[in-house]
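Q: below: sequence and its predicted model.
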Amino acid sequence: MEIPVIAEVRGVAAAAGCQLVATCDVVVASDTSKFVVPGQKVGLFCSTPGIPLARAVPHKIALDMLLTGEPIDAQTALRCGLVSRIVPEKDVKFEALKVAEQIGQHSRAVTALGKKFFYSQTELGINDAYRSVVGLFPEASRRKTVFSLIF
């Protein structure tokens with residue numbers, strides 16, 4: 001998706017809800033929110049939610065959540081990168097709209113390109129990631145300038 005996806009979380013994001021949170025670009029959660037993939041507790045491994053979860057948080061955190069079925073609180077979710085911001089529950093919608101407005105002040109084309117670039121380079125080695133920046137600029141003179149700044 002070209003445009004950034006912003007999640008608002010109040011309460012518990014469980015299983016597929018936690019999966020959705022892990023796939024969003026920016027996540028605003030209430031200070032009382034919890035995040036859980038509880039399949040283990042009913043004899044099912046939450047394999048589908050585990051896919052984006054493993055890409056959103058460190059593997060040790062993801063496996064702890066998946067293997068124990070125990071929830072993590074909002075502060076833990078923030079520390080491990082599952083959420084972007086924590087606010088009091090009454091302010092979640094306001095904060096999410098504020099983020100959307102901040103993003104919306106910028107060029108949609110640049111935002112879309114930036115988001116695409118961000119996700120495409122995360123699986124690359126650092127040198128290849130820097131080289132991929134050069135491909136963002138179609139004009140040879142701009143590519144040369146960017147290349148000279150990076151290398």
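A: Yep, that arrived.

Q: looking at it, Glu8 is touching Val28, isn't it?
A: Yes: with contact defined as CB atoms under 8 Å, Glu8 counts as touching Val28 (5.5 Å). Yep, even glycine has a C-beta here, placed from its N, CA and C like the rest.

Q: overlap in contacts of these two?
A: Residues touching both Glu8 and Val28 (CB atoms under 8 Å, 6 or more residues apart in numbering): 92, 96.

Q: looking at these two, which one has more neighbours?
A: Neighbour totals were compared for Glu8 and Val28, and Val28 leads with 26 against 19 (other CB atoms under 10 Å).

Q: what's in contact with the helix or strand harbouring the more buried one?
A: Element membership of Val28, judged by DSSP states H and E, is strand 26-30. Contacts to strand 26-30, defined as CB under 8 Å, 6+ apart, come from residues 4-11, 21, 74, 77-78, 82-89, 92, 95-96, 99.

Q: now, these that are in helices?
A: 21, 74, 77-78, 92, 95-96, 99 (DSSP state H).

Q: from those, which is closest to His59?
A: For the ones in helices among the contacts of strand 26-30, the closest approach to His59 (CB to CB) belongs to Ala77, at 15.7 Å.

Q: quick check: Phe117 is in a strand.
A: No: read with DSSP: H, G, I helix; E, B strand; the rest coil, Phe117 is helix and lies in no strand.
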